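A.B. asks: quick one: sequence plus predicted model below, questions after.
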Amino acid sequence: MHAFALDLLAPFLTRPDASVLDVGAGSGYLMAVLAHLCPQGEIRGIEVVPELVAFGKSNLERQKLPDAARVTLELGDGWRGIPDGSFDAIHVGAAAERVPQALVAQLKSPGRMVVPVGPDGGAQQLLQVDKASDGTVSYTPAMDVRFVPLVQKRGEYDSPYIQ
């Protein structure tokens, strides 16, 4: 799934100063991949679970990424994104019941977001959300998927993997 999402985002990752947001960054795995794909870009991640933020930061530090200061992971609400952010590409790693408009607003023009959309346990689609140079937004279904829900605070999703 990460490879497919990265393929969709690729045209926006190759800019020399690309700014990328990973929502639901979890272990930091995709952030590390993005850091290699965007060697001069800014990679920011947000995660709602404090323990996963700590785990992800630890994993990223162990990777000894070149210019690691440009790769940051913080505690945050994926529905809100990073309010002062402006991103060429946004990857969302959990299903939103509807497209988070705060994230659409944080996309640069042009920019692209990949987000799974649909109810928890129901039919979900991976959407490619494009913002054109004139600010027009389009939505293209890419494939049917099944993701955990994009939550706003800890406790909204009970997982046996998070204590």
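C.D. replies: Structure's in. What do you need?
A.B. asks: burial of Leu73, as a residue count?
C.D. replies: 25 (other CB atoms under 10 Å). Every residue, glycine included, has its C-beta placed from N, CA and C.
A.B. asks: list the contacts of it.
C.D. replies: The contact partners of Leu73, taken as CB atoms under 8 Å, 6 or more residues apart in numbering, are Ala25, Gly28, Met31, Arg44, Gly45, Ile46, Glu47, Val53, Gly56, Lys57, Leu60.
A.B. asks: any chance of those residues in TSV, plus neighbour count, distance to Leu6 and pLDDT?
C.D. replies: Listed next are the contacts of Leu73 as TSV, based on neighbours: other CB atoms under 10 Å; distance: CB to CB, whole Å; pLDDT from 0 to 100:
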residue	neighbour count	distance to Leu6	pLDDT
Ala25	29	14	95
Gly28	26	15	94
Met31	27	12	96
Arg44	23	16	97
Gly45	27	15	97
Ile46	21	18	96
Glu47	28	19	95
Val53	20	22	95
Gly56	24	18	95
Lys57	19	22	95
Leu60	23	17	94
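A.B. asks: which of these sits closest to Asp17?
C.D. replies: Closest to Asp17 out of these is Arg44 (13.5 Å), distances taken as CB to CB.
A.B. asks: next, that closest one: secondary structure please.
C.D. replies: strand (DSSP: H, G, I helix; E, B strand; the rest coil).
A.B. asks: and Glu74, that's in a strand?
C.D. replies: Yes. Read with three-state DSSP, Glu74 is one of the residues of a strand.
A.B. asks: surely it and Gly45 touch.
C.D. replies: Yes. Glu74 is in contact with Gly45 according to CB atoms under 8 Å; the separation is 7.3 Å.
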